[in-house]
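# below is the structure, and that's it, no one-letter string:
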């Protein structure tokens, strides 16, 4: 149970006097700990949707600003589009579905920078902010990449599902040590960490 | 992987060139969603330890203040003492262990109010703040109780393990509807919700 969608299901069952029970299971919200980032230092989780030319929802930015204001990491969950109809097929009532799409870490990093640089311009983060991209967490071919948002714009983590963590200032040296191994560029990573993250608790 | 303790284990293995792999599993950090509270609206998680007469660590309070400043819920994880020696037995090197102790929701609520009322006095929360106590999450006899911190001081949720969530201002009406069912006192719960939480996003 994560969102009001799930709460609503239970409430409807309750109205019909149907018993329900929730069974704990694995989740990206905790398995993201595989990045070595302390789960105690995560703020609220946000979602990133695929932007359209005329629709670029930026509410994630305000949530990141809140987390950043108290130094916390932000987990960004990335959009998936499965069983979506094109507007034309929907209008004509044709049950033809578009190929599934899964947002990549690179797309997420690009959209984040687009909102910061072209829309909000509040400096909540920048192309030099450190982030961690993950793919297929829990699978044998799980992948982790650490770098600046700019670097992550050019990474390819392969098949879905991807997620991203934007680092908060409140960091621990063990987090640096752990992530260095996965840095796109160890030199850049170490330099930016030392300048913007080290001892900023 | 939750804390630096776990990161450290992996780093030591890395130094010895031992491969490691982390396997996602269930966690109270997400199964707390069984309370109907949206996981998207949780801030950083805090821990509450058993107070001693001369040792009452209050760092949890500052973290709760940060979460509260942006309207978020706080999950409070409660202390457990297993295989602890008394000071005397430790000094004499006797491997005699005290009986295990598990903090209850009532003890946690009391310690929270003690810190607010006698130590910090910053009004981050009060005896009328709403919270949710849970016990044995995921088990057949899981229990949920919603009420003010004052009410929770007098609840008995039975056997361990217990956890507590202090509500943030940013709430959703479905959260109220879901929790009302578990209220110590529906009238008090509804009145405080309406006064302090409704529409405070």
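Alright, I've got the coordinates. Since we're looking at a predicted model, the values are computed, not measured.
# what's the offset of the helix-or-strand element of chain A with minimal mean pLDDT from the middle of its chain?
In chain A, the helix or strand scored least confidently by mean pLDDT, DSSP states H and E is helix A:87-91, which has a mean of 91. Centre-to-centre, helix A:87-91 and its host chain are 30 Å apart (Cα atoms, centre = their mean, to the nearest Å).
# again with stretch A:57-74
Between the centre of stretch A:57-74 and the centre of its chain there are 12 Å (Cα atoms, centre = their mean).
# helices and strands around the helix or strand in which residue A:146 is found, which ones?
Per DSSP states H and E, residue A:146 falls inside strand A:143-148. In terms of contacts (3 or more Cβ pairs under 8 Å, 6 or more residues apart in numbering or on different chains; DSSP states H and E), strand A:143-148 is packed against strand A:130-135, helix A:173-180, helix A:186-192. In short, each C-beta sits where N, CA and C put it, glycine included.
# tally up the residues packed near residue A:191, please.
12 (other Cβ atoms under 10 Å in any protein chain shown).
# and residue A:130, how many residues sit next to it?
25.
# same question but for residue A:179, I mixed them up
Neighbours around residue A:179, by other Cβ under 10 Å: 24.
# excluding chain neighbours, what is closest to it?
residue A:146 (4.3 Å; Cβ to Cβ, 6 or more residues apart in numbering or on different chains).
# any idea how far the one you found is from residue A:159?
According to Cβ to Cβ, to the nearest Å, residue A:146 and residue A:159 sit 20 Å apart.
# residue A:174 now?
Between residue A:174 and residue A:159 the distance is 30 Å, computed by Cβ to Cβ.
# comparing the two, which residue is more hemmed in?
residue A:174 (19 against 12).
# that one and residue B:9 touch, don't they?
No: using Cβ atoms under 8 Å, residue A:174 makes no contact with residue B:9, being 10.5 Å away.
# from the chain's centre, how far out does stretch A:105-124 sit?
Counting by Cα atoms, centre = their mean, stretch A:105-124 comes out at 13 Å from the chain centroid.
# could you pull up the residues touching residue A:196?
A:128, A:129, A:130, A:169 (Cβ atoms under 8 Å, 6 or more residues apart in numbering or on different chains).
# closest one to chain B out of the residues you listed, please.
residue A:169 (12.5 Å; Cβ to the nearest Cβ).
# wait, a strand at the closest one?
No: counting by DSSP: H, G, I helix; E, B strand; the rest coil, one finds residue A:169 to be coil, located in no strand.
# rewinding a little: okay, the contacts of residue A:196 in CSV with distance to chain B and pLDDT next?
Output for the contacts of residue A:196, formatted as CSV (distance: Cβ to the nearest Cβ, whole Å; pLDDT from 0 to 100):
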residue, distance to chain B, pLDDT
A:128, 24, 98
A:129, 19, 98
A:130, 16, 98
A:169, 12, 96
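# nearest to residue B:65, of those?
residue A:169 (17.1 Å; Cβ to Cβ).
# pLDDT weak spots in chain A?
Chain A contains residues with pLDDT under 70 at A:201.
# which stretches in it count as helices?
In chain A, the helices defined using DSSP state H lie at A:4-15, A:28-31, A:59-69, A:87-91, A:105-114, A:149-152, A:173-180, A:186-192.
# looking at those, spot the one closest to residue B:134.
Closest of the helices of chain A to residue B:134 is helix A:4-15, at 15.0 Å (criterion: Cβ to Cβ).
# so that closest one, near chain B or not?
Yes: interface with chain B: helix A:4-15 contributes A:4, A:6, A:7, A:8, A:10, A:11, A:14 (Cβ under 8 Å from any Cβ of the partner chain).
# the first one: how many residues sit nearby?
Okay, so that is residue A:4. 19.
# list the contacts for the closest residue to it other than its chain neighbours?
Sequence neighbours aside, residue B:174 is the residue nearest to residue A:4 in space, at 4.7 Å (criterion: Cβ to Cβ, 6+ apart). By Cβ under 8 Å, 6+ apart, the contact set of residue B:174 is A:4, A:7, A:8, A:11, B:36.
# of those, buried ones?
Neighbour-count burial (16 or more other Cβ atoms under 10 Å in any protein chain shown) applied to the contacts of residue B:174 gives A:4, A:7, A:11, B:36.
# roughly how far apart are the nearest residue to the last one once chain neighbours are set aside and residue B:75?
In other words, residue B:36. The shortest distance from residue B:36 to any non-neighbouring residue, by Cβ to Cβ, 6+ apart, is to residue B:178 (3.0 Å). Taking Cβ to Cβ as the measure, residue B:178 falls 17 Å from residue B:75.
# please apply the same query to residue A:153.
Distance from residue A:153 to residue B:75, by Cβ to Cβ: 34 Å.
# among these two, which residue is more densely surrounded?
The neighbour count for residue A:153 versus residue B:75, taken as other Cβ under 10 Å, is higher for residue B:75 (23 against 18).
# bridging residues for that one?
residue B:165 (DSSP bridges).
# my read is that it contacts residue B:28, right?
Yes: using Cβ under 8 Å, residue B:75 makes contact with residue B:28 at a distance of 7.5 Å.
# so who does the residue nearest the centre of chain A touch?
In chain A, the residue lying closest to the centroid (Cα atoms, centre = their mean) is residue A:76, at 1.8 Å. Shown in contact with residue A:76 (Cβ under 8 Å, 6+ apart): A:45, A:46, A:47, A:48, A:60, A:108, A:112, A:163, A:164, A:165, A:166.
# look up how far residue B:13 lies from it.
Residue A:76 is 29 Å from residue B:13, by Cβ to Cβ.
# that older thread, return the most buried member of the helices and strands packed on strand A:143-148.
Stretch with highest mean neighbour count among those: strand A:130-135 (a mean of 25; mean count of other Cβ atoms under 10 Å in any protein chain shown).
# ok now that strand, how far from the chain's centre?
The answer for strand A:130-135 is 8 Å, by Cα atoms, centre = their mean.
# who touches that strand?
Contacts for strand A:130-135 (Cβ under 8 Å, 6+ apart): A:32, A:34-35, A:37, A:105-106, A:108-109, A:142-149, A:152, A:155, A:157-167, A:179, A:182, A:189, A:192-193, A:196-197.
# tabulate the contacts of residue B:174 (CSV), appending distance to residue B:98.
Listed next are those as CSV, based on distance: Cβ to Cβ, whole Å:
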residue, distance to residue B:98
A:4, 44
A:7, 41
A:8, 46
A:11, 44
B:36, 37
